[in-house]
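J.: Take this sequence and fold it.
(one chain, ligands or ions: 1)
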Amino acid sequence: MAVIFPSRRVRKTPFTPGVEAAGVKGYTVYNHMLLPVVFDSVEADAAHLKQHVQVWDVSAERQVSLKGPDALRLMKLISPRDMDRMADDQCYYVPTVDHNGGMLNDPVAVKLAQDHYWLSLADGDLLQFVLGLAIARGLDVAIEEPDVSPLAVQGPKADELMARVFGDAVRDIRFFRYKKLPFMGRDMVVARSGWSKQGGFEIYVEGSENGMPLWDALFEAGADLNVRAGCPNTIERIESGLLSYGSDMRRDNTPYECGLGKFCNSPEDYIGKAALADQARSGPRRQIRPLVINGEIPPCTGSWPLLAQGRQVGQVASAVFSPEFDVNVAIGMVDRSHWDAGTVMEIETEGGRRTATVQEKFWR
Ligand code: THG
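T.: A predicted model of the protein is given here:
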């Protein structure tokens with residue numbers, strides 16, 4: 001493929017100088033911003049992530065800030081999750097949907113105050129949906145994209161590295177909870193979360209000028225921990241069953257199809273509630289499944305149809321060879337007729353036909 005040219009529309013991040021110095025080899029564009037995808041090789045990056053600790057520039061997980069007297073009202077309009085159960089220091093994974101229950105995004109919501117929330121977005125312009133709702137309903141709430149850039153610290157040594165920079169208080173942060181901890185005299189939201197299952201934190205860095213000082217402090221403190229620059233890793237995240245909005249699921253999928261039905265428990269009259277209640281009753285007609293694909297596979301850069309007797313019964317949008325499990329791991333959206341574990345289908349890749357087998361569960 002030819003290169004993607006940089007421009008004002010393809011935004012750099014506060015950490016781009018550090019990412020470039022660390023030898024990033026490839027980017028994707030996510031929320032109109034650079035998101036690194038590989039440093040050494042995807043295989044070597046995955047192996048290092050599972051053994052040591054990495055610092056990830058995930059600034060492209062842009063924040064939408066909802067602040068004002070009607071912020072909670074607006075959150076209740078767009079959240080299938082029960083906002084009244086959210087603790088003051090909690091983060092919620094929220095599948096946001098349209099009026100038909102179609103997924104618009106799957107952000108992490110952060111509760112900063114009763115009248116202030118951040119939505120930490122997957123790729124998609126959810127700000128415009130939220131802003132449109134606020135305008136149409138005449139809500140008293142400010143909708144903005146603040147100067148906040150998440151930096152993830154992931155891997156088995158993440159607690160040790162973070163404790164050296166932010167103090168031992170980080171060790172007591174529970175999963176999807178946060179503490180406000182100072183760095184260079186400025187309080188930052190530090191949450192135990194991140195797009196890997198190797199453990200770790202996300203620091204929501206407020207103020208671009210604080211980006212590189214924090215980046216440098218983490219690398220200085222972690223030299224003996226073998227800290228490296230990393231990024232969300234295709235191999236590790238497929239093994240872990242972490243879904244990528246825009247690839248594994250889109251607006252034509254509901255949270256039930258994505259296996260996210262457990263997050264649809266709000267008693268409020270939120271947008272899409274009736275459609276989701278319908279599907280809760282009937283059950284989804286297709287659903288996300290872990291798959292193993294036999295043989296050699298080319299890079300999965302689009303989607304591959306799943307076939308049974310020549311008829312399409314689903315598709316795969318994420319697939320890669322896993323050195324740890326010695327198979328091609330994949331995430332598919334599979335019709336009910338073929339979603340049982342052990343079901344074998346054909347799959348059409350650019351490299352030719354292969355077989356794909358539905359697995360009992362993801363690999364971690
Ligand atoms: N962190 C932050 N923002 C994000 C992501 C993130 N925005 C984009 C993208 N990732 C949003 N998608 C996801 C998908 C999965 C998870 C988080 C964000 C995730 N899921 C856990 C799991 O499936 O095991 C736990 C979910 C839960 O139990 O609440 O972590 O990573 N800031």
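J.: ok, now which ones touch residue 37?
T.: By CB atoms under 8 Å, 6 or more residues apart in numbering, the residues touching residue 37 are 26-28, 231-232, 234. Heads up, the C-betas are built off the backbone N, CA and C, glycines and all.
J.: which parts of the protein sit against the ligand?
T.: Residues of the chain lying close to the ligand by CB under 6 Å from any ligand atom are 61, 93, 106-108, 120-122, 150, 176, 193-195, 202, 242-243.
J.: if we go to 5 Å?
T.: By CB under 5 Å from any ligand atom, the part of the chain that sits against the ligand consists of 61, 93, 106, 108, 120, 122, 195, 242.
J.: Any of these buried? List them.
T.: Neighbour counting with 16 or more other CB atoms under 10 Å marks 61, 106, 108, 120, 122, 195, 242 as buried within the residues of the chain next to the ligand.
J.: Please look at residue 351 and residue 298 and confirm they touch.
T.: Yes - contact criterion CB atoms under 8 Å: residue 351 and residue 298 qualify, at 4.2 Å.
J.: Residue 355 and residue 297 touch, don't they?
T.: No - using CB under 8 Å, residue 355 makes no contact with residue 297, being 11.3 Å away.
J.: More neighbours: which of those two?
T.: residue 297 (21 against 13; other CB atoms under 10 Å).
J.: any idea how far the closest residue to the ligand within the stretch 251-364 of the chain lies from residue 236?
T.: Nearest to the ligand, among the residues of the stretch 251-364 of the chain, is residue 263, at 7.5 Å (CB to the nearest ligand atom). Separation of residue 263 from residue 236 (CB to CB, to the nearest Å): 23 Å.
J.: ok, now residue 37?
T.: 13 Å.
J.: Then residue 281?
T.: 36 Å.
J.: okay, these two: which has more neighbours?
T.: A direct count of neighbours by other CB under 10 Å for residue 281 and residue 236 places residue 236 higher, at 27 against 7.
J.: and the more buried one, that one's in a helix?
T.: Yes - looking at residue 236 with DSSP: H, G, I helix; E, B strand; the rest coil, it is inside a helix.
J.: was I right about it contacting residue 197?
T.: Yes - when contacts are counted by CB under 8 Å, residue 236 is listed as touching residue 197 (7.3 Å).
J.: what about residue 292, neighbour count?
T.: Using other CB under 10 Å, residue 292 is surrounded by 18 other residues.
J.: Go ahead and confirm it touches residue 331.
T.: No - applying CB under 8 Å, one finds residue 292 not in contact with residue 331, separated by 11.3 Å.
J.: related to what we said a few turns ago, please name the nearest non-neighbouring residue to the residue of the stretch 251-364 of the chain closest to the ligand.
T.: residue 81 (5.1 Å; CB to CB, 6 or more residues apart in numbering).
J.: Repeat that for residue 27.
T.: Nearest residue to residue 27, sequence neighbours excluded (CB to CB, 6+ apart): residue 34, at 4.7 Å.
J.: got it, and residue 255?
T.: Nearest residue to residue 255 in three dimensions, chain neighbours excluded: residue 95, at 4.0 Å (CB to CB, 6+ apart).
J.: With residue 286 instead?
T.: residue 335 (4.8 Å).
J.: ok, now which ones touch the one you found?
T.: Contacts of residue 335 by CB under 8 Å, 6+ apart are 285-286, 313-314.
J.: In CSV, list these along with secondary structure.
T.: Listed next are the contacts of residue 335 as CSV, based on three-state DSSP:
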residue, secondary structure
285, coil
286, strand
313, strand
314, strand
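J.: I'd guessed residue 122 sits against residue 248; true?
T.: No - assessed by CB under 8 Å, residue 122 is found out of contact with residue 248, at 10.6 Å.
J.: thinking again about what came up before, would you point out the most distant pair within the buried ones among the residues of the chain next to the ligand?
T.: Within these, 120 and 242 form the most distant pair, 14.2 Å apart (CB to CB).
J.: Regarding the closest residue to the ligand within the stretch 151-300 of the chain, what is its secondary structure?
T.: For the stretch 151-300 of the chain, the residue closest to the ligand is residue 195, as judged by CB to the nearest ligand atom, at 3.6 Å. In terms of secondary structure, residue 195 is coil; the call rests on three-state DSSP.
J.: Check what pLDDT it gets.
T.: The confidence metric pLDDT takes the value 98 at residue 195.
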